[in-house]
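Participant: Structure for this input, please:
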Amino acid sequence: MHITVESTKLAEALKFSAAPAKSPLDILQFARLTASDGELHIETTDTEVYSTVSIPVDIEDEGKLMLHEATLRSISAGSGILQMRGDGSVRRGRSHYRVGVHPSPEDFPDLETVGWSPLEIPATALAEALAHVGYAPDDKDVRPYCRVVMVEAGRVWGTDGKVMARRTWNYDTPRFGIPAYQVPRLMDALSEPEAHVFIGRVPRVEHIVSLRVSSPGRRFTVRMSDPGTALNVEKLVPDPDAAGARVRFDRKALVDALRRFQPFSSWKSEKGMNFLFALELTSDTVFLSDRAGENVEHLMEAGAVIEHTGKIRVGLHPKQMISILGAIRSDQVVLHLAKDVKAAALIQAADVPVSEVAHVLMPFTL
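Facilitator: This next block holds a predicted model:
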């Protein structure tokens, strides 16, 4: 293989690399390069994600080889024209480099053969749904349904057992689980212009095994997780009309208040519930306090408006609250608190009905 390529184009393509920085499988640290028909196809994988990026190049000799990805990335960081040969030599003007070559491009771990079919939802709709719920699952949880964003008929949702986010949409079947740690990279691929989504299935397997996002010059494929036991998440969504109390907040002001009060919110107990704060609502005010009551943040001064009052005192986690508020784009949010302090709280954008988007938070009993 002998090609000429612009450094900037190669560097841009390698930004989408899926090659791991470290791996017990040496071959994963290499990028497979295939030069043909005026394009260079760059393939990388960590066996969970497969990335293929195509860029225009001048080809003197077509061919295929595998180069050490991290070394190639470093070389491409400079400007100028690169000449690359099949023996791993790379030249830029009078500079020359030697990149590690893997001897067997055919050993590159290709994705298993699956049948691909279009997903009957726009890429933008999937990206928008993930933006609402992607914060909720926890990939470190032992429960399979807590480690994925679930996509199923009529809704997409995620939970870590403490918070739950659900977005309804017009989607029928089949259901699948997106690994939580892959959501950011998947959203990046979905944001590409003219992106289209495809599902990969194999015979006699009920769930989707892979999801592919294709756009001009780029293809991103991620393995799906077996969703396991199905949950009826609608049972977890409180009825806002049955709330024991309801408070409206300016979203940004509430986030600022939570961050400001977070250094004072450490609670230490036998149950290990650290970094909690108490949210207390009386007939005419709402405020945050620490366990001893020595530090108090009055939220009325941050634009809180009590819409339905009821004397309630619950424990909340500031990081969970901030994560929920980060997924809400509305300027105004409403906090619905249940009459029973052990029951779930509901945080909603003021202009979005709960039937469309729901953010549920489990309080702690103080």
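Participant: Flag the shaky bits of the protein, pLDDT-wise.
Facilitator: For the chain, residues meeting the criterion pLDDT under 70 lie at 227, 266-275.
Participant: most centrally placed residue in it?
Facilitator: Closest residue to the average C-alpha location of the chain: Val183 at 2.7 Å, with CA atoms, centre = their mean.
Participant: Contacts only, for it.
Facilitator: By CB atoms under 8 Å, 6 or more residues apart in numbering, the contact set of Val183 is 130, 134, 149. Every C-beta, even on glycine, is put in place using the N, C-alpha and C of the backbone.
Participant: Could you tell me which of the residues you listed belong to helices?
Facilitator: Mapping the contacts of Val183 onto helices (DSSP state H) picks out Leu130.
Participant: circling back to that earlier point, hang on, the residue nearest to the centre of the chain is in a helix, isn't it?
Facilitator: Yes: looking at Val183 with DSSP: H, G, I helix; E, B strand; the rest coil, it is inside a helix.
Participant: Run through the residues that contact the closest residue to it other than its chain neighbours.
Facilitator: In space, and not counting its chain neighbours, Val183 is closest to Gly134: 4.3 Å by CB to CB, 6 or more residues apart in numbering. Going by CB under 8 Å, 6+ apart, Gly134 touches 149, 158, 180, 183-184, 187, 327.
Participant: Quick check: bridge partners of Phe30?
Facilitator: His68 (DSSP bridges).
Participant: wouldn't it be in contact with His102 here?
Facilitator: Yes: between Phe30 and His102 there is a contact under CB atoms under 8 Å: 4.6 Å.
Participant: Mind listing the shared neighbours of these two?
Facilitator: 66-68.
Participant: Now rank those by neighbours and give me the top one.
Facilitator: The most crowded member of the shared contacts of Phe30 and His102, judged by other CB atoms under 10 Å, is Met66 (23 neighbours).
Participant: Remind me which helix or strand it belongs to.
Facilitator: Here Met66 sits within strand 63-68, counting by DSSP states H and E.
Participant: pull the CA atoms of that strand into PDB?
Facilitator: Output of strand 63-68 as PDB, limited to C-alpha atoms (Å, rounded to 0.1, in the frame of the first residue of the first chain):
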ATOM      1  CA  GLY A  63      -3.800  -2.400  -0.100                       C
ATOM      2  CA  LYS A  64      -4.500  -3.200   3.500                       C
ATOM      3  CA  LEU A  65      -2.400  -3.000   6.600                       C
ATOM      4  CA  MET A  66      -2.700  -2.500  10.400                       C
ATOM      5  CA  LEU A  67      -0.800   0.400  12.100                       C
ATOM      6  CA  HIS A  68      -0.400   1.100  15.800                       C
END
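Participant: Many thanks, I have nothing further to ask.
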